[in-house]
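A.B. asks: Fold the following.
(chains A and B)
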Amino acid sequence: MGQDGTSPLAISALARMGVEAVFDSAKVAVVVDHSSPSPIEGVSALHTMMREFGKRTGARVYDVGEGVCHQLIPEQGHVVPGDLMVGCDSHTCTYGALNVFSTGVGSTDGAAAMAAGKLWFKVPETMKVTYNGALAPGVFSKDLILYLVGQIRADGATYMSLEFGGPVIDALSVEARMTISNMAIEVGAKAGLMRADDKTLAWYQGRGGRAPAPVEPDANAVYSQEVVIDASAIGPQVAKPHTVDNVSPIEEVAGTPIAQGVLGTCTNGRLEDLGVAAGILAGRRVHPDVRFIVAPASRRVYLDAIEAGHIQTLVEAGAAVVTPGCGPCVGTHNGVPSDGENVISTANRNFKGRMGNSNAFIYLGSPATVAASVIEGRIADPRPYFG
Amino acid sequence: MTLTAKAFKYGDDINTDYIISGKYKFKSNDMEAMAVHAMEDLDAEYYKKVKPDGGFLVAGKNFGMGSSREQAPLVLIHSNTRAVLAKGFARIFFRNAINTGLPVVECDTDLIDDGDELEVDLEAGVVRDVTKGSEIPFAPLPPVMAQLLADGGLVEHFKKHGGFAL
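C.D. replies: A predicted model of the protein is given here:
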């Protein structure tokens, strides 16, 4: 799999290798999501290159409006539990929540994988992360993973596989689990795996994929490190500028004025996320000094959110809904902040310049934290909105 | 292979957004044009300093963290960066560097200062700091990666062998 920031390089690498066909066109997909629809002619040319690649090789092309690659690949049944999958995007680790060993690679790696159906790997060590207890109202899976990133830091699991488990993970929906695996890369991990349970298998019903072949941890598995977290003691968490591991409990940053809120991305742009935000914003208004950008993760999510009434609620509250895609998170278009502005986002990265302006400040939180914050015009604790 | 150049030193956790910002990465496939923006959010002069005579990018821990963008090692190659020396590398950057032919050296970079003249012997696994008259040992790359690097990256490896031959 590749997206429009990485596929063009992979397609060029294939050409330089002298390879014309992909090893199996049914197993190759490219997604136009990072600058979608194209904001400038240079990008338009790259998108054309991807479309021509699809016509030439038979690889699936997901074009403008279809959504973010990490939503589409599982949603459209391209992967099933037990698969090994590589994608030219670092957040490919998202499908670990679905018991897929998926990992991000570069474009030349992607070209080799498309050509040969093989790749070189270093076998990773494993870190086991167990979440005990239960989530308090107003606290979500995003808070669980931000807390872990803050504890073990950005290089805490470099080149390792994370194995997530425990009663809190078992109780989460499949969508909420994807938020956790999505951010495995933020501690340097190669993958963020979870067991496939009845919820996972039910999630795959009707998606047209192959038969799942779930993989379980060995009974005698050796872990290089074990981390146990009491989720009951965790409140909403926020990552502060300019690193994802600069995490604080919300109490320490509440009151920071914001100019923009972003709801969406491969981390938190799914139906459940839009539903949580709509639940908070129903009958309320976005603060007059705040722009609130919403990007559903896919066309399917967008349609489901329309049917559920979430889009109506969000737009009535003052949200600006943009095409399903990555733009606001990755700084290509659809909401580049101004100098000195603070942004609160449901994304997974807050590096300096990430959203297209190195003089802006990005804070990361859950959809509930973003919804509460856009109402109040400052970073706000969402818990008062949950009874 | 022994590489010779001056050290340009930076800190820990340098992410790929700093190496090449997403706002440039998505606009073009022209690495020569993009290379002028290499490292610019950390050091606006990086390209001007390194391009004329080449240089080693020396950093702390977790170099290249973040996105999978292969443009990161490519803009460093095109800015005339001969190798990256760091205490540790993020996984995808490390793969991308090997695959595109940019040497990466994991060593104790605390012993190197900005501006030091260095000789890096990739096979022997030693960095000679000519300015200080000292030597820093490092573990040479495992054979799979050393072969890819010796072939000039993964594309050249495929051209030479018609596929994986590791």
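A.B. asks: host element of the residue positioned nearest the centre of chain B?
C.D. replies: What sits nearest the mean C-alpha location of chain B, by C-alpha atoms, centre = their mean, is residue B:84, with 3.2 Å. Here residue B:84, judged by DSSP states H and E, is contained in strand B:81-86.
A.B. asks: show me the contacts for the residue in the stretch 1-150 of chain A positioned nearest to chain B.
C.D. replies: Sorted by distance to chain B under C-beta to the nearest C-beta, the residues of the stretch 1-150 of chain A start with residue A:106, at 3.7 Å. Just so you know, the C-beta spots here come from the backbone N, C-alpha and C atoms, and that holds for glycine as well. Contacts for residue A:106 (C-beta atoms under 8 Å, 6 or more residues apart in numbering or on different chains) come out as A:6, A:88, B:68, B:69, B:70, B:92, B:95, B:96, B:99, B:100.
A.B. asks: Tell me the one among those residues nearest to residue A:114.
C.D. replies: Distances from residue A:114 to these, taken as C-beta to C-beta, are shortest for residue A:88 (9.7 Å).
A.B. asks: May I have the beta-bridge partners of that closest one?
C.D. replies: Residue A:88 forms beta bridges with residue A:2, as assigned by DSSP bridges.
A.B. asks: re the thing from before, report the buried residues of the strand holding residue B:84.
C.D. replies: Using 16 or more other C-beta atoms under 10 Å in any protein chain shown as the test for burial, strand B:81-86 gives B:81, B:82, B:83, B:84, B:85, B:86.
A.B. asks: How about stretch A:185-204?
C.D. replies: A:185-197, A:200-201, A:203-204.
A.B. asks: repeat for stretch B:9-19
C.D. replies: Buried-residue list, stretch B:9-19, by 16+ other C-beta under 10 Å: B:9, B:10, B:12, B:13, B:14, B:15, B:16, B:17, B:18, B:19.
A.B. asks: and chain B, which residues reach chain A?
C.D. replies: Contact residues, chain B versus chain A (C-beta under 8 Å from any C-beta of the partner chain): B:13, B:15, B:17-18, B:21-23, B:25-29, B:41, B:61-62, B:65-71, B:74, B:88, B:90-92, B:95-96, B:99-100, B:144, B:153-155, B:158-159, B:163-164, B:166.
A.B. asks: list the contacts for the residue nearest to the residue nearest to the centre of chain B when sequence neighbours are not counted?
C.D. replies: Leaving aside its sequence neighbours, residue B:84 sits nearest to residue B:57 (C-beta to C-beta, 6 or more residues apart in numbering or on different chains; 4.7 Å). Going by C-beta under 8 Å, 6+ apart, residue B:57 touches B:8, B:10, B:39, B:50, B:76, B:81, B:83, B:84, B:85.
A.B. asks: Out of the residues you listed, which is nearest to chain A?
C.D. replies: Looking across the contacts of residue B:57 and measuring by C-beta to the nearest C-beta, the closest to chain A is residue B:39, at 11.6 Å.
A.B. asks: what residues does the stretch 201-350 of chain A put near chain B?
C.D. replies: A:243, A:330, A:331, A:332, A:349.
A.B. asks: ok now do the fourth one, which residues does it touch?
C.D. replies: Residue A:332 makes contact with A:34, A:35, A:39, A:43, A:326, A:356, B:22, B:23, B:26, according to C-beta under 8 Å, 6+ apart.
A.B. asks: Mind checking which of the residues you listed are buried?
C.D. replies: A:34, A:35, A:43, A:326, A:356, B:22, B:23, B:26.
A.B. asks: Quick check: residue B:31 touching residue B:75?
C.D. replies: Yes - with contact defined as C-beta atoms under 8 Å, residue B:31 and residue B:75 form a contacting pair (6.1 Å).
A.B. asks: what about those two, which has more around it?
C.D. replies: residue B:75 (26 against 20; other C-beta atoms under 10 Å in any protein chain shown).
A.B. asks: all strands for the stretch 101-250 of chain A, in order.
C.D. replies: A:101-104, A:126-132, A:161-165, A:191-193, A:225-230, A:237-239, A:247-249 (DSSP state E, counting those that start in this stretch).
A.B. asks: And chain B, by the same measure?
C.D. replies: B:2-9, B:55-58, B:81-86, B:104-106, B:117-121, B:126-129, B:134-137 (DSSP state E).
A.B. asks: For these, give me JSON lines that also has mean pLDDT.
C.D. replies: Below are these laid out as JSON lines (pLDDT from 0 to 100):
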{"stretch": "strand B:2-9", "mean pLDDT": "97"}
{"stretch": "strand B:55-58", "mean pLDDT": "98"}
{"stretch": "strand B:81-86", "mean pLDDT": "98"}
{"stretch": "strand B:104-106", "mean pLDDT": "97"}
{"stretch": "strand B:117-121", "mean pLDDT": "97"}
{"stretch": "strand B:126-129", "mean pLDDT": "98"}
{"stretch": "strand B:134-137", "mean pLDDT": "98"}
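A.B. asks: can I get those in TSV with distance to residue A:345?
C.D. replies: As requested, the strands of chain B are exported to TSV (distance: least, C-beta to C-beta, whole Å):
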stretch	distance to residue A:345
strand B:2-9	32
strand B:55-58	30
strand B:81-86	29
strand B:104-106	32
strand B:117-121	40
strand B:126-129	41
strand B:134-137	41
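A.B. asks: No more questions from me, cheers.
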